[in-house]
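K.L.:
Sequence plus the predicted model coming up.
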Amino acid sequence: MITYREMIALDIPVLVGMEKEIYPESPWSAAQFREELAGIPRSRKYVVAIDENEIVGYGGIALAGDVADIHTLTVTPKFRRQGIATELLQQLEEWASAQGITTFMLEMREGNSEAQPLYEKHGYEVISKRDNYYSRGIHALIMRKEAGK
């Protein structure tokens, strides 16, 4: 059974390992995770999904005025297609909506055929593209969703 809890600093070594495995071309560093966690609870929310004491997914969101930016949403390959990403996304969106957010934004790797349908199912639409966003030759699609959709 998957459970969810707030991300804590002690999770960072595991998360960095997951990043290196899942996103070898542009993983987040421990410093990036620490910086994000420093914004909790004022402007950030980060959640982990756990299966039998093992982190199998995580997500984070940041607020900037009336806009929320999904900074990360990741599930290990073995645990995909079980509703974990949907639950993480919903928890992040609910928290941001309670803070008065009117718009959600995110960047996702172009060609990510697992993530794009998930986001579209939840009301996100592609509004632009950023070339070489993740690294040379790895582009991002910018997606947007109005709160309440």
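P.N.:
Nice, I can see it. Numbers count the residues shown, from 1 in each chain.

K.L.:
What ranges does the chain have for its helices?
P.N.:
12-22, 30-38, 84-98, 115-121 (DSSP state H).

K.L.:
what's the second one in contact with?
P.N.:
The one in question is helix 30-38. With contacts defined as Cβ atoms under 8 Å, 6 or more residues apart in numbering, helix 30-38 is touched by 7-9, 11-13, 15-16, 44, 46, 60, 62, 71. Every C-beta, even on glycine, is put in place using the N, C-alpha and C of the backbone.

K.L.:
Try it again at 6 Å.
P.N.:
With contact meaning Cβ atoms under 6 Å, 6 or more residues apart in numbering, helix 30-38 is reached by Ile12, Leu15, Val16, Arg44, Gly60.

K.L.:
Let's have the residues you listed in a markdown table, adding distance to Gln91, pLDDT and neighbour count.
P.N.:
What follows is the contacts of helix 30-38, written out as a markdown table (distance: Cβ to Cβ, whole Å; pLDDT from 0 to 100; neighbours: other Cβ atoms under 10 Å):
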| residue | distance to Gln91 | pLDDT | neighbour count |
| --- | --- | --- | --- |
| Ile12 | 20 | 98 | 19 |
| Leu15 | 17 | 98 | 21 |
| Val16 | 22 | 98 | 17 |
| Arg44 | 13 | 95 | 18 |
| Gly60 | 11 | 97 | 24 |
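
K.L.:
List the buried residues in stretch 33-52.
P.N.:
Of all the residues in stretch 33-52, those buried under the rule 16 or more other Cβ atoms under 10 Å are Phe33, Glu36, Leu37, Arg44, Lys45, Tyr46, Val47, Val48, Ala49, Ile50, Asp51.

K.L.:
distance between it and the chain's centre?
P.N.:
Its chain's C-alpha centre lies 10 Å from the corresponding centre of stretch 33-52 when counted by Cα atoms, centre = their mean, to the nearest Å.

K.L.:
Leaving out chain neighbours, which residue sits closest to Thr72?
P.N.:
Nearest non-adjacent residue to Thr72, counting by Cβ to Cβ, 6 or more residues apart in numbering: Gly60, 4.9 Å away.

K.L.:
I am finished for the moment; much appreciated.
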